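**Student:** Need a 3D model of the following:
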Amino acid sequence: MRAMSWGRALAVAGLLASAVVLSACSSGGESKEKGGSESKATASAAKAQTVAITLKDNVFEPKDITVEEGTVTFEVKNTGAAIHNMHITSTPSEGKDFSSKPIIEAGSSDKFTATFTKKGIVKFQCDFHLPDMVGTITVK
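**Tutor:** Numbers count the residues shown, from 1 in each chain. Below you'll find the model as predicted:
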C-alpha cells in the first residue's frame, strides 16, 4: 500500500508540475497578446476625436470644422429656442449619412459618431432650417 501511495504522490506531483509549466507558458502568450491589444487600443484612442457643436437658432457654432480621417464623436447641444438636428449628408466617397437624433429639443443635447474614411469636404445641415443652417467638415 505504501508503494502505491508513493506512486500516486509522484503522479500527482508530475501533473502539478506540468500544470504550472503550461500555465506559465500560456500566461506569457496572453501577456504578449494583451500588450499588442493595448498598443492597438492606445493607437486608436490617440486617433479618437470629439467635436462640440452648439445649435443656435439658425446657425451652427462652429459651422466649419476640420477633422482627421477616422471616427469622430460629435457632441451637439441645442441652446436655441427652436428644434434642431445635425445631419451629415452622404457623399459619393463615404456613401452614407450620419445624424444626431431626429429632433433635439431646445435645451437638450445629443452625441453621435461618424467615421470618415477619405479626405475631402463633407456638408452638414439642420433639416428644419435649410438653407440657412449649414456647415462643412474638412477631412484631412
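**Student:** worst-scoring helix or strand of this structure, pLDDT-wise?
**Tutor:** helix 2-47 (a mean of 45; mean pLDDT, DSSP states H and E).
**Student:** in the helix or strand just after that helix, what counts as buried?
**Tutor:** The element immediately downstream of helix 2-47 (helix or strand, assigned by DSSP states H and E) is strand 49-56. By neighbour count on 16 or more other C-beta atoms under 10 Å, the buried set for strand 49-56 is Ile53, Thr54, Leu55. Placement of C-beta: from N, CA and C, glycine included.
**Student:** Same check on stretch 126-140?
**Tutor:** Cys126, His129, Met133, Val134, Gly135, Ile137, Val139.
**Student:** Kindly reformat the residues you listed as JSON lines and extend each row with secondary structure and pLDDT.
**Tutor:** Compiled in JSON lines, these are given as follows (DSSP: H, G, I helix; E, B strand; the rest coil; pLDDT from 0 to 100):
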{"residue": "Cys126", "secondary structure": "coil", "pLDDT": "97"}
{"residue": "His129", "secondary structure": "coil", "pLDDT": "96"}
{"residue": "Met133", "secondary structure": "coil", "pLDDT": "97"}
{"residue": "Val134", "secondary structure": "strand", "pLDDT": "98"}
{"residue": "Gly135", "secondary structure": "strand", "pLDDT": "97"}
{"residue": "Ile137", "secondary structure": "strand", "pLDDT": "96"}
{"residue": "Val139", "secondary structure": "strand", "pLDDT": "94"}
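**Student:** of all the residues you listed, which comes closest to Ala114?
**Tutor:** Closest to Ala114 out of the buried residues of stretch 126-140 is Ile137 (8.4 Å), distances taken as C-beta to C-beta.
**Student:** Which strand residues bridge the closest one?
**Tutor:** Ile65, Val122 (DSSP bridges).
**Student:** cool, and Thr54?
**Tutor:** Glu61, Lys77.
**Student:** what residues are up against it?
**Tutor:** When contacts are counted by C-beta atoms under 8 Å, 6 or more residues apart in numbering, Thr54 touches Phe60, Glu61, Val76, Lys77, Thr79.
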